[in-house]
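Asker: With the input below, show me the fold.
(one chain, ligands or ions: 1)
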Amino acid sequence: MNYSVEIENVSKSFGKKAVLKEISLNIEEGKIYGFIGPSGSGKTTLVKLLVGMDDPDNGMVHVLKEKVPNLGLLQNIGYMAQSDALYLNLTGKENLKFFASLYKMPKLEVAERISYAADLVKLTPDLNKRVSAYSGGMKRRLSLAIALIQNPKLLILDEPTVGIDPELRLTIWNELLRLKNEEGKTIIVTTHVMDEAERCDLIAMIREGRILANGTPDELKELYQAKNFDEVFLNAGRKSHENSRSN
Ligand SMILES: Nc1ncnc2c1ncn2[C@@H]1O[C@H](COP(=O)(O)OP(=O)(O)OP(=O)(O)O)[C@@H](O)[C@H]1O
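Answerer: Have a look, this model is predicted:
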């Protein structure tokens, strides 16, 4: 099997707090992989290790067969962070141009990618406005467009649809599915939205820095005897609580 991401026995602490505990996980190429778990369970910390923004204390991460961190990898990773890192005094278009300039892209392709990404997130009419005048949702949409700008092989999206209305959320999910099906992209998404979790091919349930279970949405429903993903989430929480009390 071809893996885009290999996580091997990774642990990470901040001070005395162990945030990730011996995580091992392989993410197959061309799949949408969801990380779900309660707030503070370690999802963002894990994705930051995949992007190379932070180092694990133990263990190893390989992305696209390269050991992380590796500057060359950034050309092939589109990362959308939870908090927007945008230049507020520039327009949406200038932000897109700036981020595109960080990658090796022919000029003509830059214009095409800006138009594609802005269109996807429905920002084309607002591209010439300063980002300081954007709403929270518009900033999220611009951040998503930036993550797509260099046409990366791997997309890592940390809660990409927070603050985005249901109609646009559906458009974005349809595009993520198209990117996977037609272009073979690998996509990692962290989410709290359970109907988004159901759209993933595979899911890792993260609780208190450990992967409680991983598998397809149907496998997880069966494992937790749940009718839907809200129940998977709740039953996983109960089970992990019972286990921690009996240990
Ligand atoms: N730089 C840091 N310094 C100290 N503690 C940190 C740091 N980054 C994260 N943490 C702590 O690590 C834990 C996991 O945080 P993380 O952001 O990875 O969780 P999360 O699952 O992404 O949560 P959410 O769903 O709310 O975004 C939290 O207790 C958080 O306070």
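Asker: any idea how far the residue nearest the centre of the chain lies from the ligand?
Answerer: A centroid search over the chain (C-alpha atoms, centre = their mean) returns residue 157, at 2.3 Å, as the residue closest to the centre. Per C-beta to the nearest ligand atom, to the nearest Å, residue 157 is found 13 Å from the ligand. In this view, the C-beta of every residue, glycine as well, is placed from N, C-alpha and C.
Asker: cool, residue 77 as well?
Answerer: Counting by C-beta to the nearest ligand atom - residue 77 and the ligand are separated by 18 Å.
Asker: my guess is that residue meets residue 151, correct?
Answerer: No. Using C-beta atoms under 8 Å, residue 77 is not in contact with residue 151, being 11.6 Å away.
Asker: Pull up the per-residue confidence for the nearest residue to residue 223 once chain neighbours are set aside.
Answerer: Nearest non-adjacent residue to residue 223, counting by C-beta to C-beta, 6 or more residues apart in numbering: residue 213, 5.9 Å away. As predicted, residue 213 sits at a pLDDT of 91.
Asker: hang on, the earlier thing: from the middle of its chain, how far away would whichever helix or strand the residue nearest to the centre of the chain is part of be?
Answerer: Per DSSP states H and E, residue 157 falls inside strand 154-158. Relative to its parent chain, strand 154-158 has a centroid offset of 3 Å by C-alpha atoms, centre = their mean, to the nearest Å.
Asker: Output the below-cut-off pLDDT ranges for this structure.
Answerer: Across the chain, the ranges flagged by pLDDT under 70 are 244-247.
Asker: sorry, back to before: and the residue nearest to the centre of the chain, how far is that from residue 57?
Answerer: To residue 57, residue 157 is 25 Å away according to C-beta to C-beta, to the nearest Å.
Asker: what number of residues lie near the residue nearest to residue 223?
Answerer: Using other C-beta atoms under 10 Å, residue 213 has 18 neighbouring residues.
Asker: swap in residue 117?
Answerer: Neighbours around residue 117, by other C-beta under 10 Å: 25.
Asker: hang on, it is in a helix, isn't it?
Answerer: Yes. Residue 117: assigned to a helix according to DSSP: H, G, I helix; E, B strand; the rest coil.
Asker: That one contacts residue 151, correct?
Answerer: No. If you go by C-beta under 8 Å, residue 117 and residue 151 don't touch, sitting 9.4 Å apart.
Asker: Now residue 60: closest residue in space that isn't a chain neighbour?
Answerer: Nearest one to residue 60, counting by C-beta to C-beta, 6+ apart, is residue 8 at 4.7 Å.
Asker: Straight-line length of stretch 151-160, end to end?
Answerer: 17 Å (C-alpha to C-alpha, to the nearest Å).
Asker: Run through the residues of the protein sitting next to the ligand.
Answerer: Applying C-beta under 6 Å from any ligand atom, we find that the chain lies next to the ligand at 14, 19, 37, 39-45, 82.
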